[in-house]
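>>> got a predicted structure here, sequence first:
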Amino acid sequence: MTSIPFSDRFALYDLVVAYGALIDAGEFDSWLGLFAERCTYHILPRENYELGLPAGLVFCDSRAVLEDRIGALREANKYNIHTDRHLIGLPRLIGEEGGEALVEAPFAVFQTDQEGETRLFATGLYRDRIVGEGDTLKFRDKLVLLDTFAVPSLLATPL
Amino acid sequence: MTSIPFSDRFALYDLVVAYGALIDAGEFDSWLGLFAERCTYHILPRENYELGLPAGLVFCDSRAVLEDRIGALREANKYNIHTDRHLIGLPRLIGEEGGEALVEAPFAVFQTDQEGETRLFATGLYRDRIVGEGDTLKFRDKLVLLDTFAVPSLLATPL
Amino acid sequence: MTSIPFSDRFALYDLVVAYGALIDAGEFDSWLGLFAERCTYHILPRENYELGLPAGLVFCDSRAVLEDRIGALREANKYNIHTDRHLIGLPRLIGEEGGEALVEAPFAVFQTDQEGETRLFATGLYRDRIVGEGDTLKFRDKLVLLDTFAVPSLLATPL
């Protein structure tokens, strides 16, 4: 296994856990701040990914598109009011090349609706390319691989 | 992001994970030992917390009250026999002041009943004030913010 | 609490997280590589374990038996097609003796079937004896303690 060339492994852990925490807190501007200036963000079923099919639920190939998308999700969220709770497993360092680290982490997202019912919403795997920008780590490419092709309701917040 | 002034970050991780593990193992005396001499323990819906409403499910503003409460929960548990399983995400260091650290961690609790059925019981966020006492870290204030206002059954063990 | 005599705590974290990740990715040969040459692998309900009853769902008392078992599970998986997702909590170092570390970690396994439905499959506790072999950590004894005695469907992959 390789070792990350950044300040320390905890910085990596902090980035991954902040990702989920900021969605759950509804702090989307801070959440956008976790991404590098040049970044991508994709959500797709793992099956499509493994078959090499690019079709996904969310496809943002630039920061501008990601910012637009977040604005749209916020609007949609007015009609699907809920809160999220991310549980993210320990990140696993898959490899490094050219100053980038490839990191995977499993996740489960639970949603609570206005009636107070909490349900499992989705499980999957984050597969992230992480870079150093200044003295902090940022997501360069975030790939959200869903375990199911059938997300059970409107995708009103990022995963 | 700030850095904790205590021996190491792993001590923080160990405290947070022991919290869940000792509930799941039913070792409530050891669990009480994770709290500082002066401590508080609150369980309330996140909605109430965000609105500044103090009303909660459990409100212990001293160690004596917490010890009493644990005794009562143990009694209640005789009538709601189940086992718990906590999954707690990586703790996130929010800040420090005056020798205290403010730490958040998401959690999910699963319960298994006597018929052997395992269900999601609750999700939420721990928001803890942690202090050093001697050479170990302890909970000074433990805030359990539930994602739902509607806990689906008798609260027979701490969350 | 004791401190692990191995290179670092992250190596321990990496071992535990790789365990779940390799099952979820279906990489069973790499998964077998996480076990020491002499190893055991048991799955049993926590109730049986606490009562000292050895009866379990899976009982492998050598590496050869474990390898056989994995082959059989792969075969069974053809008739129970699903994907797994493990969420494993932070490992907790319980103790050390004779160059071995005793480590516990809570887990939840979610399964997604061919219709795309994701369900909670099982929760429980890993209770592992971990040893150094060469310069890497390996599982010497893996005990999967299930919270339920009633696993809801065919056990087609390891837990």
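Okay, I see it. Just so you know, these numbers come straight off a predicted model, no measurement behind them.

>>> can you name the residue of chain A nearest chain C?
Closest approach between chain A and chain C, counting by Cβ to the nearest Cβ: A:A150, at 3.5 Å. Bear in mind the C-beta positions are built from the backbone N, C-alpha and C, glycine included.

>>> the lengthiest strand in chain A close to chain B?
In chain A, assigned by DSSP state E, the strand with the most residues is strand A:118-133. Yes. Strand A:118-133 reaches chain B (Cβ under 8 Å from any Cβ of the partner chain) through A:118-120.

>>> out of those, which end up buried?
When the residues of strand A:118-133 next to chain B are checked for burial by 16 or more other Cβ atoms under 10 Å in any protein chain shown, the buried set is A:118, A:120.

>>> CSV please, covering the residues of strand A:118-133 next to chain B and showing pLDDT.
CSV is the format used below for the residues of strand A:118-133 next to chain B (pLDDT from 0 to 100):
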residue, pLDDT
A:T118, 94
A:R119, 95
A:L120, 96
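
>>> near chain C, which of the residues of strand A:118-133 next to chain B show up?
Answer for the residues of strand A:118-133 next to chain B near chain C (Cβ under 8 Å from any Cβ): A:L120.

>>> from the residues of strand A:118-133 next to chain B, which is closest to C:D141?
When those are compared for distance to C:D141 (Cβ to Cβ), A:L120 wins out at 31.4 Å.

>>> need the contact list for that closest one.
A:L120 makes contact with A:108-110, B:120, C:110, C:118-120, according to Cβ atoms under 8 Å, 6 or more residues apart in numbering or on different chains.

>>> most widely separated two among the residues you listed?
With distances taken as Cβ to Cβ, the most widely separated pair in these is A:V109 and C:R119, at 14.6 Å.

>>> what's the separation between whatever residue of chain A ends up closest to chain B and A:D84?
In chain A, the residue that lies nearest chain B is A:G116 (3.4 Å; Cβ to the nearest Cβ). Note on A:G116: its distance to A:D84, by Cβ to Cβ, to the nearest Å, is 15 Å.

>>> lowest-pLDDT helix or strand in chain A?
Sorting the helices and strands of chain A by mean pLDDT, DSSP states H and E puts helix A:63-77 at the bottom, at a mean of 84.

>>> run through the neighbouring helices and strands of the helix or strand that that helix is followed by.
For helix A:63-77, the succeeding helix or strand toward the C-terminus, using DSSP states H and E, is strand A:82-88. Packing partners of strand A:82-88 (3 or more Cβ pairs under 8 Å, 6 or more residues apart in numbering or on different chains; DSSP states H and E): helix A:9-24, strand A:100-113, strand A:118-133, strand B:100-113, strand B:118-133.

>>> the second one near chain C anywhere?
Yes. Strand A:100-113 lies within reach of chain C by Cβ under 8 Å from any Cβ, at A:104, A:106-108.

>>> now those in TSV, with pLDDT and distance to B:G95?
Compiled in TSV, these are given as follows (pLDDT from 0 to 100; distance: Cβ to Cβ, whole Å):
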residue	pLDDT	distance to B:G95
A:E104	98	29
A:P106	98	28
A:F107	98	25
A:A108	98	27
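
>>> just the buried ones out of those, please.
Among the residues of strand A:100-113 next to chain C, those classed as buried by 16+ other Cβ under 10 Å are A:104, A:106-108.

>>> export these to a markdown table and append columns for distance to B:E50.
A markdown table is the format used below for these (distance: Cβ to Cβ, whole Å):
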| residue | distance to B:E50 |
| --- | --- |
| A:E104 | 33 |
| A:P106 | 29 |
| A:F107 | 24 |
| A:A108 | 23 |
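
>>> Provide the secondary structure category for the closest residue to the residue of chain A closest to chain C other than its chain neighbours.
Distances taken as Cβ to Cβ, 6 or more residues apart in numbering or on different chains place C:G116 nearest to A:A150, at 3.5 Å, with adjacent residues excluded. Assigned by DSSP: H, G, I helix; E, B strand; the rest coil, the conformation of C:G116 is coil.

>>> number of nearby residues for C:G116?
C:G116 has 15 neighbours, counted by other Cβ atoms under 10 Å in any protein chain shown.

>>> any idea how far it lies from A:P106?
Distance, C:G116 to A:P106, by Cβ to Cβ: 18 Å.

>>> for the residue nearest to A:A150, give me its contacts.
Contacts for C:G116 (Cβ under 8 Å, 6+ apart) come out as A:148-150.

>>> show me which residues of chain A sit near chain B.
Within reach of chain B by Cβ under 8 Å from any Cβ, chain A has these residues: A:10, A:13-14, A:16-18, A:20-21, A:24, A:83, A:85-88, A:90, A:108, A:110, A:112, A:115-120.

>>> are any of the residues you listed buried, and which?
By the neighbour-count criterion of 16+ other Cβ under 10 Å, these include these buried positions: A:10, A:13-14, A:16-18, A:20-21, A:24, A:83, A:85-88, A:90, A:108, A:110, A:112, A:118, A:120.

>>> which parts of chain A sit against chain C?
Within chain A, the positions near chain C by Cβ under 8 Å from any Cβ are A:1, A:9, A:46, A:87, A:89-93, A:104, A:106-108, A:120, A:122-125, A:147-150.

>>> give me that answer again for 10 Å
Selection of chain A residues close to chain C by Cβ under 10 Å from any Cβ of the partner chain yields A:1, A:3-4, A:8-10, A:13, A:45-47, A:50, A:87-94, A:104-108, A:120-125, A:146-152.

>>> can you tell me the closest non-neighbouring residue to A:E47?
In space, and not counting its chain neighbours, A:E47 is closest to A:F149: 5.9 Å by Cβ to Cβ, 6+ apart.

>>> tell me the contacts of that neighbour?
A:44-48, A:55, A:57, C:112, C:115-116 (Cβ atoms under 10 Å, 6 or more residues apart in numbering or on different chains).

>>> which of these fall within strands?
The strands, defined by DSSP E, take in A:44-45, C:112 from the contacts of A:F149.

>>> redo those residues as a markdown table? Include distance to C:C39 and pLDDT.
Below are the ones in strands among the contacts of A:F149 laid out as a markdown table (distance: Cβ to Cβ, whole Å; pLDDT from 0 to 100):
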| residue | distance to C:C39 | pLDDT |
| --- | --- | --- |
| A:L44 | 37 | 91 |
| A:P45 | 35 | 93 |
| C:T112 | 29 | 95 |
